[in-house]
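**Q** predicted model and sequence below, questions to follow.
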Amino acid sequence: MEDLPQGQEASTSTAGAGSPGPVVQGEGDAPAPQLPSGLAAGASATLPEAFTTTRAVVLVPGKSLDQVMSVVEVLVQEGLDLISISCAGEADLATLLSIYSFRATIGAHDVRSVSQAHSLVQAGAAFAICTSPEPAALKILCDAGVPVLMDALTPSEVIAAWQPGVAAVHVRPAHLLGRDYAGVLTELAPQTTLVPTADTNAMAEEWLSQGATAVSLSSSVLSKVFISDDLSSLRQRAADTVVMLKRHR
């Protein structure tokens with residue numbers, strides 16, 4: 001087994017295929033939020049098919065509707081049609097879904113509260129990436145059949161987050177731990193469905209080569225488009241990313 005990146009501690013699991021098991025937490029790891037006990041192991045919804053066909057979800061900040069629509073349109077035209085909009089902003093997810101639901105798979109990230117969960121269910125979000133969510137928010141999403149991805153980073157956090165009711169673990173911010181972390185984490189949590197963040201195409205390729213279901217992209221595609229409004233450069237970055245992703249489909 002490879003050494004963990006500096007500062008990391010190993011976690012162990014006795015999980016069977018696709019099933020989380022007992023966890024040994026590393027010092028300082030935050031426990032993953034537990035789903036309400038009423039949710040059975042079969043309650044989790046599967047990831048939308050786009051995670052295994054597109055192989056990348058683009059995280060878009062919650063800017064104004066006009067700004068977000070301009071960016072989303074370019075992404076969809078270039079083939080990056082799996083998109084997550086931040087709940088921590090002013091973007092109107094319901095309007096975006098009404099416009100793009102037939103052309104793209106759109107969900108949300110930074111999901112924490114019950115009110116946010118209710119809004120996503122009402123809007124028809126395709127998935128929810130949750131960051132330290134309230135247990136009641138998780139129950140709302142799971143009861144409605146919305147696939148949940150849980151934010152986690154260290155091996156023991158990832159294993160703890162891979163619990164009944166969770167469709168995948170969003171390893172965030174995975175890119176801060178370097179490319180070697182891809183091999184380390186996939187070895188320590190081999191039965192876990194992983195969607196890690198990647199800040200370069202090279203890092204994205206490393207994770208996909210190591211068995212990640214998909215990668216989560218932001219700055220490598222978006223760069224400073226919300227400041228520069230340079231949609232031509234965005235289009236080129238998106239096209240380059242799609243070329244890379246096609247090598248892993």
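**A** It's in. Numbers count the residues shown, from 1 in each chain.
**Q** ramachandran angles for Leu194?
**A** Main-chain dihedrals, Leu194, degrees, to the nearest 10: phi -110, psi 140.
**Q** any idea what it is bridged to?
**A** Taking DSSP bridges as the rule, Leu194 bridges to Val169.
**Q** burial count for it?
**A** 26 (other Cβ atoms under 10 Å). In short, each C-beta sits where N, CA and C put it, glycine included.
**Q** burial measure for the closest residue to Gly62 other than its chain neighbours, as a count.
**A** Of all residues not flanking Gly62 in the chain, Gly89 sits nearest, at 1.8 Å (Cβ to Cβ, 6 or more residues apart in numbering). Using other Cβ under 10 Å, the number of residues around Gly89 comes to 14.
**Q** measure Gly89 to His175 for me?
**A** From Gly89 across to His175, the span is 22 Å (Cβ to Cβ, to the nearest Å).
**Q** who's in contact with stretch 115-123?
**A** Contact with stretch 115-123 is made by 87, 93-94, 97, 107-108, 111, 128, 133, 136-138, 140-141, 144, 146, as judged by Cβ atoms under 8 Å, 6 or more residues apart in numbering.
**Q** what's the longest strand seen in the chain packed up against?
**A** Taking DSSP state E as the assignment, the strand of the chain that covers the most residues is strand 105-111. With contacts taken as 3 or more Cβ pairs under 8 Å, 6 or more residues apart in numbering; DSSP states H and E, strand 105-111 sits against strand 82-86, helix 93-100, helix 114-123, strand 128-130.
**Q** got a list of contacts for it?
**A** Contacts of strand 105-111 (Cβ under 8 Å, 6+ apart): 48-50, 54, 57, 59, 62, 72, 81-88, 93, 96-97, 100, 116-117, 120, 125-131, 133, 137, 141, 147, 170.
**Q** doesn't Pro190 make contact with Ala212?
**A** No: checked against Cβ atoms under 8 Å, the pair Ala212 and Pro190 is beyond contact range at 11.9 Å.
**Q** higher neighbour count, those two?
**A** Ranked by neighbour count (other Cβ under 10 Å), Ala212 and Pro190 place Ala212 first, with 25 against 12.
**Q** how about the more buried one, secondary structure?
**A** Three-state call for Ala212 (DSSP: H, G, I helix; E, B strand; the rest coil): coil.
**Q** and it, what pLDDT?
**A** Listed pLDDT for Ala212 reads 97.
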